[in-house]
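[1] Here is my input; please provide its structure:
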Amino acid sequence: MYQFKNCDKPGQRKFKQTKGYYPFDYVEVMACPNGCLNGGGQIKEILTQTSELYKSLLVCDPMSNDLVQDLYELIKSKDPDLKCLYTTYKTVPKIEIINPSALKW
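    Numbers count the residues shown, from 1 in each chain. Okay, here's the model as predicted:
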């Protein structure tokens, strides 16, 4: 969710609890419209340094680690579709406000 005016909305909504848990693990609140993804909230000052450090990391196959394989098999036994390992995003259409004075903060 984005913009602080929307922070209280998850508390007001009635989320349906299924199989003993809610359909989300956490809620991320971003201050600007559309969440500033790859935008104003990014670490521009150290971006080059971060990119170089990232490129210097060794690449390895996580499945070559026995502990990772065991964990994967455990998760797969509990969740055959492996849904818990993935997240989904959905596009929220922009809401155009005709009357700015009607904006609730």
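[2] ok, T91 - contacts?
    Listed by Cβ atoms under 8 Å, 6 or more residues apart in numbering, the contact set of T91 is empty. Every C-beta, even on glycine, is put in place using the N, C-alpha and C of the backbone.
[3] Model confidence for it, exactly?
    Note on T91: pLDDT of 81.
[4] Equivalent analysis for D66, please.
    You'll see D66 listed with a pLDDT of 95.
[5] Next one: K78 from L71, what distance?
    Taking Cβ to Cβ, to the nearest Å as the measure, K78 falls 11 Å from L71.
[6] Neighbour count for these two, which is higher?
    Looking at K78 and L71 with other Cβ atoms under 10 Å, you find the greater number of neighbours at L71, namely 12 against 8.
[7] distance of D79 from S64?
    The gap separating D79 from S64 is 23 Å, by Cβ to Cβ.
[8] Which one of the two is surrounded by more residues?
    Taking D79 and S64 together and counting by other Cβ under 10 Å, D79 has the greater number of neighbours (11 against 8).
[9] Not counting the helix of greatest length in the chain itself, show me its contacts.
    Of all segments of type helix in the chain, defined using DSSP state H, the longest is helix 66-78. Contact with helix 66-78 is made by 62-63, 82, 84-85, as judged by Cβ under 8 Å, 6+ apart.
[10] ok, how many other residues are close to the closest residue to L85 other than its chain neighbours?
    Of all residues beyond its chain neighbours, the one nearest L85 is I75 (6.8 Å), with distances taken as Cβ to Cβ, 6 or more residues apart in numbering. With neighbours defined by other Cβ under 10 Å, the count for I75 comes to 13.
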